[in-house]
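Novice: Have a look at this prediction, sequence included:
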Amino acid sequence: MSAFLFTAVLSACLGYLFGQRALSGVSSPVTDSGNAATSGEVRDPRTVPLVNEAQVITEAEAKLKPPPTPTPLVAATPPPTPTPTPTPTPSLSPELAEAPTPPPTPVAATPTPPPTPTPSPVIRTPPPQQIAASGQVSMQVLSARREGGQVVLNVAMQNNSAETVRFLYSFMNITDDNGRAINALTQGLPGELPPNSQVFQGTIRIPASSLAGSRALSVSLADYPSRRHQLRVSGIPVPQ
């Protein structure tokens, strides 16, 4: 520790001596023009005041700094707002100005279509039943239809008399509206009708080929052998 202090003191002394020798030939500047120093008078350099470096740097920076830009006192004038150009109204000629305004054209109303009538259901009336009667013995053609290559007549017979009535169907006579005789075959009809009996039904079958051009038929039948009861049914339509 003492060696360190000794070295520091020795360095300070040497620095002081070297500095004094360096300033031995420097003269002090003249500070007062009215009181001029004599030519042989030299000031002690130790009495010269030292310059403050911080102050010098501050003054230099103040000189180098540009002056502040003054703030304008006049406010900026806003740009003018464009005024819309008015559209000129077309002027009417005196003739058009004095002419009366035509009345509005009435709009024709669209005619409403009439409601569509609902068609009434067609009621088909069945043809009247063909009936032939002689006394209390009757024969009735119920219907006529086509069945394959034949025309079939449905026939009903009844005897309400007090005696038995006999028929021989081979003597049945069938003709068309042109007067032609037509051959036929009977099925289901009884040869005898008992007195006060019920209704008996059967069929008469006619070949359809023999009815070409025919529109109506007639059926004639008489009891056998007395022939007192003559039964005839005419106007029977031929089914097409």
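Specialist: All right, it came through fine. Keep in mind that what you see is a predicted model, and the values were worked out from it rather than measured.

Novice: count of neighbours near the closest residue in space to residue 194 that isn't next to it in sequence?
Specialist: Nearest non-adjacent residue to residue 194, counting by Cβ to Cβ, 6 or more residues apart in numbering: residue 164, 5.7 Å away. C-beta: built from backbone N, CA, C; applies to glycine. Residues near residue 164, counting by other Cβ atoms under 10 Å, number 12.

Novice: Could you double-check that residue 216 sits in contact with residue 177?
Specialist: Yes. Between residue 216 and residue 177 a contact is recorded at 4.4 Å, counting by Cβ atoms under 8 Å.

Novice: Name the residue in those two with the higher neighbour count.
Specialist: The residue with more neighbours, out of residue 216 and residue 177, is residue 177; 16 against 13, by other Cβ under 10 Å.

Novice: For the more buried one, give me phi and psi.
Specialist: Phi and psi for residue 177, reported as degrees, to the nearest 10, are phi -70, psi -10.

Novice: who are the neighbours in contact with it?
Specialist: Contact partners of residue 177, counting by Cβ atoms under 8 Å, 6 or more residues apart in numbering, are 214, 215, 216, 217.

Novice: For the first one, give its distance to residue 149.
Specialist: Put plainly, it is residue 214. Relative to residue 149, residue 214 is positioned 15 Å away (Cβ to Cβ, to the nearest Å).

Novice: Those two: which is more packed in?
Specialist: Higher neighbour count among residue 214 and residue 149: residue 214, with 18 against 8, using other Cβ under 10 Å.

Novice: Where do the strands of the protein begin and end?
Specialist: Using DSSP state E, the strands of the chain run over 130-134, 137-147, 150-159, 165-166, 173-176, 185-187, 192-193, 200-207, 216-222, 230-237.
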